[in-house]
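**Q** please work out how this folds:
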Amino acid sequence: MLLATGTGTAALAAPPLDPVGTTPVPTKKAPPASAPDFGPNVTVFDPSMPVSEIQATVDAVNARQIDDEMGTERAALLFLPGTYGTDAEPLQFRVGYYTEVAGLGASPSDVVINGKIEVYNRCLDGDGTSNCIALNNFWRTLSNLTLEVNGAGQDGCRATANFWAVSQAVSLRRVEVTGGTLSLMDYCTAGPQYASGGYLADSKAGDIVNGSQQQWLTRNSEIGNWSNGVWNAVFSGTEGAPSDEGFPTPPYTTLDRTPVSREKPYLFADSSGAYGVRVPAARQDSRGTSWGDGLTAGRTIPLSEFFVAKPGDSVRAINNALTRGKHLLLTPGVYDIAQTIAVKRADTVVLGLGHATLTAVDGATPMRVADVPGVVIAGVTIDGGTVNSPVLLQVGTKNGNNGARHDDAANPTTLSDVYFRIGGPHVGKADVSLEVNSDNVLIDHTWVWRADHGNEGAFGWDVSTGRNGVIINGDDVTATGLFVEHYQEYNVIWNGENGRTVFFQNELPYDPPNQAAWQHDGVLGWAGYKVADDVRNHTLWGGGSYIFTNVDPSIHATRGFEVPNTPGVVLNHLLTVNLGAGTIDHVVNDTGAPVSNANTGTPSYVERYP
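**A** Below is the predicted model of the structure:
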């Protein structure tokens, strides 16, 4: 991201299945229980542990992960129901790369952290004292707990808020923040303090400082005061969201209700200490949190019905378990995938802990989902490998239904916090990262990234190659939180009818060597978001495409968005931005003023198209 300006597996007995959401809420203080064998990268805390012991453990994980942006370590820190920290001895810690922090209650109120859970800027110069930014604060998760903000013992600035200064591939879900401010900007370090987030869903907070966040999506939440926007702040189904009547000053996009939503599955322990996974039901035209009136509607799956995988387990073993009707829990780590994980049954759940990562080997497609409804893939990162893959995740087979409908609008296949990488930690190659062929699919928060930086030799125009980030061929597909960056042709191609996107963020590729290498059919460059010429119905709310062609700053892109001119294709609240190199001539088709080095950091907006 570039700079912004502006304001094995022993399972315990599990609770019964609960398809209609009537399971009693567990008591807040579950008795200590021996956790299932989640492997060495998962730590389970219980409230009887001394705060000092917990503090030492989480600090050690942070010290290992805080700067390990391109590393292979993964971690999950899980808290059994109860209260952690006291007024006099708060639990305060930071969250580094590839770290998940989550409560193990059925409700966010079941786990209470009296203290802080934070992400600060990384200060890259001056021995950690200057050039402080959050632009690369990726790959971390916080969920399913209540955070009672307590800055006791911190210095004056640090005590003013709980800082969550993050960028892409970071989710904040099912969290209630009380007793203090939630700041999405770290204003306590030296500048420039830029951030490029981000995502908040199914949560409740009072005062929120957006600060320097270039863009942000807040979905199905309840908020008090929201401070500002820089380029693109989108609110969907959020109580307390600001009005967007003044767009683009401030640059808000507000939907009263979210067209389709489904919250991410979560692991929990009941009052007897038994583990299960709660799978929330899908909602239509929803507003507010899923848990405000009690237990989130949905079903509970006992952990005994999951194959709990660890790095080194074979794909054959995983597929055999899936064929036998098991669900799949991927414990933290990096999995080398030389043949496809095949998800064939309706309503299968694949849940990753601690940013579990599947890496393609020998050109494999790491995962395919059949043309069936209700599959949920969540908390999984999928990386391209050194041999080119045709696709990294394929949902449904193109033209695979043979005229039969194998989907369900009330039970959409859902991708939640599913991330993709081409390059970065290692060389990566894939023609397409995500291909959706099924109808009625929900994509809820994804970052699809062709690397603009990483380990030496792991990125570059002819090194880590990716043609398209996302291709949507299915009808009635909805995306809430679609982040796609740096692909070499169209970043997104939408071929299906009745598509809907709530929030889109894009950076065009930084590294075309020259204009001749990045153009087609008389058009300079490739648009970030392409709706196919024959599509008749499509809607987007809140979309931005940015340019920074630093290898050749003279490069132009004719447009950021490219769509057919037809009444049923409507784009709301669009923008393009120059980040310091390159030019986008128009925002959408031939509409919208150019952005270039003459107006770096100043968006060109189109309120509605056509």
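**Q** C-alpha from now on. contacts and neighbour counts both.
**A** Will do.
**Q** neighbours around Thr57, how many?
**A** Per other C-alpha atoms under 10 Å, the neighbour tally for Thr57 reads 14.
**Q** sec struct for it, please.
**A** Three-state call for Thr57 (DSSP: H, G, I helix; E, B strand; the rest coil): helix.
**Q** who's in contact with Ala593?
**A** Listed by C-alpha atoms under 8 Å, 6 or more residues apart in numbering, the contact partners of Ala593 are Asp585, His586, Val587, Ser604, Tyr605.
**Q** if you set the cut-off to 7 Å instead, what comes out?
**A** Neighbour list for Ala593: Asp585, His586, Val587, Ser604 [criterion: C-alpha atoms under 7 Å, 6 or more residues apart in numbering].
**Q** do Ser438 as well
**A** Ser438 neighbours (C-alpha under 7 Å, 6+ apart): Asp371, Val395, Gly396, Gly474.
**Q** can I get those residues in CSV including pLDDT?
**A** Putting these into CSV (pLDDT from 0 to 100) gives the following:
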residue, pLDDT
Asp371, 95
Val395, 98
Gly396, 96
Gly474, 97
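**Q** quick one on the thing from earlier: so which of the contacts of Ala593 is the closest to Ile54?
**A** The closest of the contacts of Ala593 to Ile54 turns out to be Ser604 (C-alpha to C-alpha; 48.5 Å).
**Q** that closest one: neighbour count?
**A** A count of nearby residues for Ser604, using other C-alpha under 10 Å, gives 21.
**Q** and if you look at Ala63?
**A** Applying other C-alpha under 10 Å, we find 13 residues neighbouring Ala63.
**Q** which SSE is it in?
**A** In the assignment (DSSP states H and E), Ala63 maps to helix 51-65.
**Q** and that helix, what's buried?
**A** Val51, Ile54, Val58, Asp59, Val61, Asn62, Gln65 (16 or more other C-alpha atoms under 10 Å).
**Q** next: stretch 128-142.
**A** In stretch 128-142, counting by 16+ other C-alpha under 10 Å, buried: 130-142.
**Q** by contact count, what packs against the helix holding Ala63?
**A** For helix 51-65, the packing partners by 3 or more C-alpha pairs under 7 Å, 6 or more residues apart in numbering; DSSP states H and E come out as strand 91-94.
**Q** how far away from the center of its chain is the helix or strand harbouring Leu393?
**A** If you go by DSSP H and E, Leu393 is part of strand 389-395. Relative to its parent chain, strand 389-395 has a centroid offset of 18 Å by C-alpha atoms, centre = their mean, to the nearest Å.
**Q** tally of neighbours for Asp383?
**A** Counted by other C-alpha under 10 Å, the residues lying close to Asp383 total 34.
**Q** isn't it right up against Leu358?
**A** Yes: using C-alpha atoms under 7 Å, Asp383 is in contact with Leu358, at 6.1 Å.
**Q** so Ala317, which state does it fall into?
**A** Following three-state DSSP, Ala317 is assigned to helix.
**Q** enumerate every residue touching Val42.
**A** Counted by C-alpha under 7 Å, 6+ apart, Val42 has contacts Ala75, Ala76, Leu77.
**Q** any idea of the mean pLDDT in the one helix or strand Trp449 maps to?
**A** Assigned by DSSP H and E, Trp449 belongs to strand 441-450. If you average the pLDDT over strand 441-450, you get 98.
**Q** circling back to that earlier point, can I get the contacts of Ser438 in TSV with neighbour count and distance to Asn506?
**A** Shown next, in TSV, are the contacts of Ser438 (neighbours: other C-alpha atoms under 10 Å; distance: C-alpha to C-alpha, whole Å):
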residue	neighbour count	distance to Asn506
Asp371	24	29
Val395	26	22
Gly396	24	25
Gly474	24	22
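**Q** can you list contacts of the helix or strand harbouring Leu351?
**A** For Leu351, the enclosing helix or strand under DSSP H and E is strand 349-360. Residues outside strand 349-360 that contact it (C-alpha under 7 Å, 6+ apart): 74-76, 98-100, 327-338, 366, 375-385.
**Q** dump the strand holding Leu393 to PDB, restricted to CA.
**A** Below are the C-alpha coordinates for strand 389-395, written out as PDB (Å, rounded to 0.1, in the frame of the first residue of the first chain):
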ATOM      1  CA  SER A 389      -2.000 -22.500 -11.200                       C
ATOM      2  CA  PRO A 390      -5.100 -21.900 -13.300                       C
ATOM      3  CA  VAL A 391      -7.100 -20.800 -10.300                       C
ATOM      4  CA  LEU A 392      -6.500 -20.800  -6.500                       C
ATOM      5  CA  LEU A 393     -10.100 -21.100  -5.300                       C
ATOM      6  CA  GLN A 394     -13.000 -22.200  -7.600                       C
ATOM      7  CA  VAL A 395     -16.600 -22.000  -6.300                       C
END
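**Q** neighbours of Gly206, how many?
**A** Neighbour count for Gly206, taken as other C-alpha under 10 Å: 18.
**Q** show me where this structure has its helices.
**A** Taking DSSP state H as the criterion, the chain carries its helices at 51-65, 315-323.
**Q** Ala195: which of these is closest?
**A** The nearest among the helices of the chain, by C-alpha to C-alpha, is helix 51-65 at 19.3 Å.
**Q** where does pLDDT dip in the chain?
**A** Within the chain, the segments meeting pLDDT under 70 span 1-34, 399-405.
**Q** picking up where we left off before, adjacent strands (with direction) for the strand holding Leu351?
**A** Here strand 349-360 is paired, per DSSP bridges, with strand 327-330 (parallel), strand 334-337 (parallel), strand 376-383 (parallel).
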